[in-house]
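Q: Would you be able to build a 3D model of this:
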Amino acid sequence: MNITKETVEYVSHLARINLRDKELEVLAVQLKDILDFIDKLNSLDVTDISPTSHILALNNVLREDSLRESLPCEKALTNAPLKKDKFFGVPKVIE
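A: Presented below is the predicted three-dimensional model:
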């Protein structure tokens, strides 16, 4: 896949990331290298290989889920800069 400086510039604009011309060129090369490597991996024959999630056999160590008292609302909101009733107040982030 061909990644150009213009493609990276367009995507950075969509992501609201300001990049300099030199950064755009470097990222274009790096992304092209990554996609080329993915193409190499896609060309491998993996029909006889079973899927795995990890190369080592792992087991999760889980603790018992026990019921306990939660933090009271007043204590949780003690240092909150903005409160609304029993909730944290947050600024609006949608433009």
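
Q: Only C-alpha atoms from now on, for both contacts and neighbour counts.
A: Fine.

Q: where in this protein is pLDDT low?
A: 1 (pLDDT under 70).

Q: Helices of that one, residue ranges please.
A: In the chain, the segments counted as helices under DSSP state H are 5-14, 21-42, 73-76.

Q: Now render those as TSV, adding distance to Arg63.
A: Shown next, in TSV, are the helices of the chain (distance: least, Cα to Cα, whole Å):
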stretch	distance to Arg63
helix 5-14	42
helix 21-42	38
helix 73-76	25
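
Q: among those helices, which is nearest Lys84?
A: Counting by Cα to Cα, Lys84 lies closest to helix 73-76 out of those; the figure is 11.5 Å.

Q: If you count neighbours, what's buried in that closest one?
A: Within helix 73-76, no residue counts as buried by 16 or more other Cα atoms under 10 Å.

Q: same deal with stretch 22-39?
A: Buried residues in stretch 22-39, counted by 16+ other Cα under 10 Å: Leu24, Glu25, Leu27, Ala28, Val29, Leu31, Lys32.

Q: Between which two of those residues is the distance greatest?
A: Farthest pair in the buried residues of stretch 22-39, by Cα to Cα: Leu24 and Lys32, 12.1 Å.
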